[in-house]
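Student: for reference, the sequence and a predicted model appear below.
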Amino acid sequence: MAANSNPTVRRRRLGAELRRLRQVSGLKSTEVAERLMVSQPKISHLENGRRAINPRDVRDLCAMYGVADQQVIASLTEMARESGRQGWWHVYADLPDSDYIGLETDAASIHTYEPLMVPGLLQTPAYAQAVIGETIPLLTVEQAAARLKVRLRRQHRIYDPGYPLRLRVVLDESALRRVVGSPDVMREQLEHLNALGGEPHITVQVLPYEAGAHPGLSGQFSILRFADSPEAGVVYLERFTSDLCLEKPSDVQRYGVMYDRLQARALDPDRTRRFITDAIKSHLDASSP
């Protein structure tokens, strides 16, 4: 999907611009909500990009904020129309991470730290199927199949020849040692990981146990950056029941420093490949009769 037609990204950019215009006007979100006779949380959701907004509401808000430039109004209303469209992932209605998929689809680069498992973008079908089946309780067979299909569809992003995703991954050693599915599934997964780590736009590094305590002990995180605003970014924290996206520059900077320190303490890519090769041997030994 082209960056300028991604509904999730357009919705978030529109919300950020509406928030900026409101702040310039000197109005508080509670005042805007009162004038529009809506709840204050609705205004917050619009400004945070958590819900679509129709063009008429955009025009009403522009009038309230004193925006007179017709080109600006036209641009924002067109953005509202685009934000109401659906991405390919929206046909899977019960996906809890649909907003993240929209951001991932538009990202120019992702820096991610994973303490327990191989990231979804780098998973083999068998490994992904095992992760989904063994970590998400109460899924029906149909729901599990849909999630697997979406996960594999997301991987098209790293193979896109016209717009390759720059992916940097730091993996804790636990992700290599933990047997997901079976030793054979792990062997295939680690061989796949080594192959992808050789791609020019993908960097894989392992953080071994001997690294001791480190900033990643607090859990998984990803930093997404976008081609049209490389100085900004989004930090994504994946949790079981609800995910969190952080966009404050101070938060993005803090997580950027955390990632830099993790990367510095991890094995370099060449040593990582050798480390993964040794881990493959251990899974081969485990699968031998």
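Tutor: Here it is on my side, so go on.

Student: I'd like to know which elements the helix or strand hosting residue 191 is packed against.
Tutor: Per DSSP states H and E, residue 191 falls inside helix 183-197. Contacts defined by 3 or more C-beta pairs under 8 Å, 6 or more residues apart in numbering; DSSP states H and E place helix 183-197 against helix 125-135, strand 202-207, helix 269-287. Bear in mind the C-beta positions are built from the backbone N, C-alpha and C, glycine included.

Student: remind me, longest strand of the chain?
Tutor: Longest strand in the chain, counting residues (DSSP state E): strand 229-237.

Student: okay, buried residues for that strand please.
Tutor: 233-236 (16 or more other C-beta atoms under 10 Å).

Student: given that strand, what are its sheet partners and their directions?
Tutor: Here strand 229-237 has these sheet partners by DSSP bridges: strand 221-226 (antiparallel), strand 244-246 (antiparallel).

Student: winner for burial among those?
Tutor: strand 221-226 (a mean of 21; mean count of other C-beta atoms under 10 Å).

Student: starting at the chain centroid, how far to that one?
Tutor: Taking C-alpha atoms, centre = their mean, to the nearest Å, one finds the center of strand 221-226 at 7 Å from the center of the full chain.

Student: low pLDDT regions in this protein?
Tutor: Within the chain, the ranges that satisfy pLDDT under 70 run 1-9, 50, 83-96, 228-230, 240-242, 289.

Student: turn the strands paired with strand 229-237 into a markdown table, including distance to residue 125.
Tutor: Formatted as a markdown table, the strands paired with strand 229-237 follow (distance: least, C-beta to C-beta, whole Å):
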| stretch | distance to residue 125 |
| --- | --- |
| strand 221-226 | 22 |
| strand 244-246 | 28 |
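
Student: out of the ones you listed, nearest to residue 36?
Tutor: Taking C-beta to C-beta, strand 244-246 is the member of the strands paired with strand 229-237 nearest to residue 36, at 25.1 Å.

Student: for the helix holding residue 191, which outside residues touch it?
Tutor: 118, 122-124, 126-127, 130, 158, 176, 179-180, 202-204, 269, 272-273, 276-277, 279-280, 283-284, 286-287 (C-beta atoms under 8 Å, 6 or more residues apart in numbering).
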